[in-house]
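S.K.: below: sequence and its predicted model.
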Amino acid sequence: MKEITKEVYLNWYEEMLFWRKFEDKLAQVYIQQKVRGFLHLYNGQEAILAGALHAMDLTKDRMITAYRNHVQPIGMGEDPKRVMAELYGKGTGTSQGLGGSMHIFSKEHRFYGGHGIVGGQIPLGAGLAFADKYHKRDSVTLTFMGDGATRQGSLHETFNLAMLWNLPVVFCVENNGYAMGTSVARTSNHTDIWKLGLGYEMPCSPVDAMNPVKVAEALDEAIERARSGGGPTFLELKTYRYRGHSMSDAQKYRTKDEVAEYQKIDPITQVLEVIKEKEYATEEEIKTIDERVKDRVKECEKFAEESPFPDKNVMYDVVYEQEDYPFLPHKL
């Protein structure tokens, strides 16, 4: 695995803090109705992305996930201003404002969504890996899902084929404990989700996903196994989300005390504590990073606010291939 140096920790802190503040801003503008529809935030789960990016080769590896998907494309290299513009529904967004919160996409940076159908991305991730194997490309696909998605039949069908075809894919369940709002214990007769891999003789294990180092170590091993022809891995990344499933979630299924306990092991705080303990940065340097993060978020907000909405015709152009299709606005 690539060494986890002072520079890595400082980068982790700045990027994880930026992802957190970026989404805090989204929550704020959502209340102002500048962002519409659903909004699923990643607060608390940032160590997963930080660790994954450290283990990946961003020049060739791919990522696909569900609808909690705003910060992943940023980590993969997409311009965060375009991501925020997409959530605002603006024409400068990653999909010209037509995809919105749940469907961020960046083919250029090998981020393949952003999928609103629970578990829908699982077979697609295996498909990306199949294409890489078919074309003899030295790439690995990381396929993320929530704990609720592991109850979908598509997971089992995909696991079977992924093992049968020995695909270069790593399946990662981000187990934040509650799916949409029902605990794992109430949806299954076992709470060790990683054991689902045992039925397919797929290498599998649990991971402390509040710590980016643990995530990086586990994913490095899994990615190297896939890249060297060893086939799939299934990892249960044990994490926690500090906000509700979406902005409309009243969170009556858990207590404030429980959330407070998990906030004691906040992944951003853990990284910052290492930085201070090892004297990787002074208090002044940390403040400089904090200010830089605030400025980046303001730039994203300004860009999204000032960007134009897409032309109405764009919405029809991406749906109707036939130019003289009946009922289009200019035909009425």
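M.R.: Structure's in. What do you need? Everything numeric in this text was worked out from a predicted model, so none of it was measured. Numbers count the residues shown, from 1 in each chain.
S.K.: which helices and strands does the helix or strand bottoming out on mean pLDDT in the chain pack with?
M.R.: Least confident helix or strand, the chain: helix 312-317 with a mean of 82, by mean pLDDT, DSSP states H and E. Counting by 3 or more CB pairs under 8 Å, 6 or more residues apart in numbering; DSSP states H and E, no packing neighbours are recorded for helix 312-317 among the helices and strands. Where you see a C-beta, it was placed from the backbone N, CA and C, and this is true even at glycine.
S.K.: check the offset of that helix from the chain's centre.
M.R.: On the basis of CA atoms, centre = their mean, to the nearest Å, helix 312-317 sits 29 Å off its chain's mean C-alpha point.
S.K.: what helix or strand is the nearest residue to residue 267 once chain neighbours are set aside on?
M.R.: The shortest distance from residue 267 to any residue other than its chain neighbours is 3.5 Å, reached at residue 47 (CB to CB, 6 or more residues apart in numbering). The secondary structure element spanning residue 47 is helix 46-55 (assigned by DSSP states H and E).
S.K.: who touches the following helix or strand past that helix?
M.R.: Next helix or strand after helix 46-55 toward the C-terminus (DSSP H and E): strand 62-64. For strand 62-64, contacts defined as CB atoms under 8 Å, 6 or more residues apart in numbering pick out 52, 56, 72, 76, 110-113, 115, 121, 124-125, 128, 132, 139-144.
S.K.: among those, which are in strands?
M.R.: Within those, membership in strands is found for 141-144, as judged by DSSP state E.
S.K.: between the residues you listed, which sits nearest residue 156?
M.R.: Comparing the ones in strands among the contacts of strand 62-64 against residue 156 with CB to CB picks out residue 143 as the nearest, at 14.1 Å.
S.K.: for residue 293, what are its contacts?
M.R.: 14, 17-18, 21.
S.K.: of those residues, keep whichever come out buried.
M.R.: 14, 17-18, 21 (16 or more other CB atoms under 10 Å).
S.K.: out of these, which one sits closest to residue 238?
M.R.: Distance ranking of those against residue 238, using CB to CB, places residue 17 first at 22.0 Å.
S.K.: tell me which element the closest one is part of?
M.R.: When secondary structure is defined using DSSP H and E, the element that contains residue 17 is helix 6-31.
S.K.: so what secondary structure elements neighbour that helix?
M.R.: Contacts defined by 3+ CB pairs under 8 Å, 6+ apart place helix 6-31 against helix 46-55, helix 71-76, helix 80-87, helix 267-277, helix 283-306.
S.K.: from the chain's centroid, how far away is the first one?
M.R.: On the basis of CA atoms, centre = their mean, helix 46-55 is displaced by 10 Å from the centre of the chain it belongs to.
S.K.: equivalent analysis for the last one, please.
M.R.: When distances are taken as CA atoms, centre = their mean, helix 283-306 is centred 21 Å away from the chain's centroid.
S.K.: buried ones in that helix?
M.R.: So, applying 16+ other CB under 10 Å, buried residues of helix 283-306: 286, 289, 293, 296-297, 300-301, 303-304.
S.K.: got the angle for it vs helix 6-31?
M.R.: With axes from the mean of the first three to the mean of the last three CA atoms, to 10 degrees applied, the angle from helix 283-306 to helix 6-31 works out at 40 degrees.
S.K.: ok so residue 309 is a strand residue?
M.R.: No. The assignment for residue 309, made by DSSP: H, G, I helix; E, B strand; the rest coil, is coil rather than a strand.
S.K.: of the buried residues of helix 283-306, closest to residue 209?
M.R.: Using CB to CB, residue 293 is the member of those that lies nearest residue 209, at 22.4 Å.
S.K.: mind listing the helices for the stretch 101-250 of the chain?
M.R.: 121-134, 153-164, 212-227 (DSSP state H, counting those that start in this stretch).
S.K.: which stretch among the ones you listed comes nearest residue 4?
M.R.: helix 212-227 (6.1 Å).
S.K.: show me what the closest one packs onto, helices and strands only.
M.R.: In this structure, helix 212-227 packs against helix 46-55, strand 169-175, strand 204-208, strand 233-238, with contacts taken as 3+ CB pairs under 8 Å, 6+ apart.
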